[in-house]
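1. how would this look folded up:
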Amino acid sequence: MPITVSSVDRGSPADRAGLRAGDQLISLNGSEIHDVLDYRFYMIDRRLKVEVLREGKPHTFRVRKEEYDELGLEFETYLMDRQHHCANKCVFCFVDQLPPGMRETLYFKDDDSRMSFLFGSYVTLTNMQEEEIRRIIKMHISPINISVHTTNPELRVQMMKNPRSGEVLRFIPMLTESGIRVNAQIVICPGLNDGEELTRSLNDLGQYAPNLQSIALVPVGLTEHRDRLYPLRSMTRDEARDCIRRADEFGERMLALYGTRIAFSADELYLIAELPLPGPEYYEDYDQLGNGVGTTALLREEFAAALRLEDGDDVSAHYALATGEAAAPLLTELLATAKEKFPHREITVYPIKNRIFGGGVNVTGLVTGGDIIKALADQPLFERLLIPDIMLREEKDRFLDDSTPEEVSEALRIPVTVSPTDGTGLLDALLGRLPGMEEAE
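-> Residues are numbered from 1 along each chain as shown. Predicted coordinates for the structure are as follows:
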């Protein structure tokens, strides 16, 4: 089906060639365009034959541009068609555990391979056919992030409640054998895919190394909103330790064979296990930061490196910082290391209890504006309140409950600054160097 052009960038190659809004794109250099992947793959050439329908009649335009330069066509949606809805009913699905009243878009379950390539999200492969796998291979779009959870076909069907869940595992070796790099994710549900099942999954995936380049082990996240859902429980300390041990034993074998561990446990697993976190060298290239793997080590490394570049001062300043309960001890520890150089600068860290999600949810990214207001209503906030940007959506304007930083500021009667979540950003917050802070002081 032709895709309608919503606008043409002024002065772009497409504009100079005569293309215009309302044209319906059919093909580039003879290859049909179905979505953003086709468009971006076939657009890179210097010379393009662009075929469109204009008012129902076919037209051909010749475009010359530099290789990889943008063609200049804009479409109604970034994907150029509808986002693919998840066809699974995973027993651990976090969306099913959301409370009412969250931002509307959060209730949409996506399982779209294009989102994996473009934005790093994870897909289960159950929405894909072999034809789509071959298209990925042809375009050599890499890496792809796959939610595996288990390599036991029958167990995967049981966990994902989709009869295709087991059979699509065959797509993984198809991808890796064709040179496509894969990052895998295993959400560990106690009593289902841990123990010997976890060892099986690690060993099965290890066969596809080194193009199977990383595996993240993530403990299942449970909220208190699980009425009529599959009976899951949180992981115990000993279960978490067992998962880490299995991952490390596998990792040592992979390290000997390929020079990389491949399997890494999320920071949260170490916290549950009450074990010290590894240092930065353990995490190699930090391939699984999005799954919370190595975030603590990287933050420590970044903050220490940024602090080494500073001379120190005697300026006095005091701010408050809202964060999740899990991150609060680490942030307090890091800020204490800056006292020698900045003895009069201070950030008081407030761990925010997650009342909206409840359960064992304690991560910073799921803290809402409403919970911040409730937690800090009677607390001293000093000169201003810092809010980590990970609490907000991509536009940095709204929390999960659809409240805004401005509403938090108004409710608490304190200036609010959104702060980066990396080590340099934390130090800049301490030193009052974030946008808007210096002007306001």
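2. for the rest of this, base every contact and every neighbour count on C-alpha atoms.
-> OK.
3. now do the helices in the stretch 151-300 of the chain.
-> 153-160, 171-177, 195-206, 237-258, 267-273, 295-308 (DSSP state H, counting those that start in this stretch).
4. tell me what angle the third one forms with helix 153-160.
-> Taking axes from the mean of the first three to the mean of the last three C-alpha atoms, to 10 degrees, helix 195-206 and helix 153-160 form an angle of 110 degrees between their directions.
5. list the buried ones in helix 195-206?
-> Of all the residues in helix 195-206, those buried under the rule 16 or more other C-alpha atoms under 10 Å are 197-202, 205-206.
6. neighbouring contacts of stretch 275-294?
-> With C-alpha atoms under 8 Å, 6 or more residues apart in numbering as the test, stretch 275-294 has contacts from 183, 214-216, 218, 241, 260, 264-268, 270, 295-298, 301.
7. and the buried residues of helix 195-206, which is closest to G72?
-> L205 (41.0 Å; C-alpha to C-alpha).
8. quick check: beta-bridge partners of A216?
-> Taking DSSP bridges as the rule, A216 bridges to Q185, F264.
9. distance of it from S147?
-> Distance of A216 to S147, computed by C-alpha to C-alpha, to the nearest Å: 10 Å.
10. shared neighbours of these two, anything?
-> 184-186.
11. redo these as JSON lines? Include pLDDT.
-> Converted to JSON lines, those look like this (pLDDT from 0 to 100):
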{"residue": "A184", "pLDDT": "97"}
{"residue": "Q185", "pLDDT": "95"}
{"residue": "I186", "pLDDT": "97"}
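12. out of the buried residues of helix 195-206, which is nearest to A327?
-> Lowest distance from A327 to the buried residues of helix 195-206 (C-alpha to C-alpha) belongs to L198, with 27.4 Å.
13. so who does the closest one touch?
-> 150, 243, 246.
14. and with 7 Å instead?
-> Residues counted as contacts of L198 (C-alpha atoms under 7 Å, 6 or more residues apart in numbering): none.
15. again, but for Y350
-> Contacts of Y350 by C-alpha under 7 Å, 6+ apart are 321-323, 328.
16. doesn't it fall inside a strand?
-> Yes: the assignment for Y350 is a strand, going by DSSP: H, G, I helix; E, B strand; the rest coil.
17. per-residue confidence, it, what does it come out as?
-> At Y350, the model reports a pLDDT of 98.
18. now swap in the one 3 residues further on and tell me
-> pLDDT for K353: 95.
19. now it: closest residue in space, sequence neighbours ignored.
-> E325 (6.4 Å; C-alpha to C-alpha, 6 or more residues apart in numbering).
20. and the one you found, what does it touch?
-> 351-353, 362-363.
21. restricting to C-alpha, output the one helix or strand E406 maps to in PDB.
-> Using DSSP states H and E, E406 sits within helix 405-412. Written as PDB, here are the backbone C-alpha positions of helix 405-412 (Å, rounded to 0.1, in the frame of the first residue of the first chain):
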ATOM      1  CA  PRO A 405       7.600  19.000  36.900                       C
ATOM      2  CA  GLU A 406       5.900  22.400  37.000                       C
ATOM      3  CA  GLU A 407       3.000  20.900  39.000                       C
ATOM      4  CA  VAL A 408       5.500  19.300  41.400                       C
ATOM      5  CA  SER A 409       7.200  22.700  41.800                       C
ATOM      6  CA  GLU A 410       3.900  24.500  42.400                       C
ATOM      7  CA  ALA A 411       2.700  21.900  44.900                       C
ATOM      8  CA  LEU A 412       5.900  21.900  46.900                       C
END
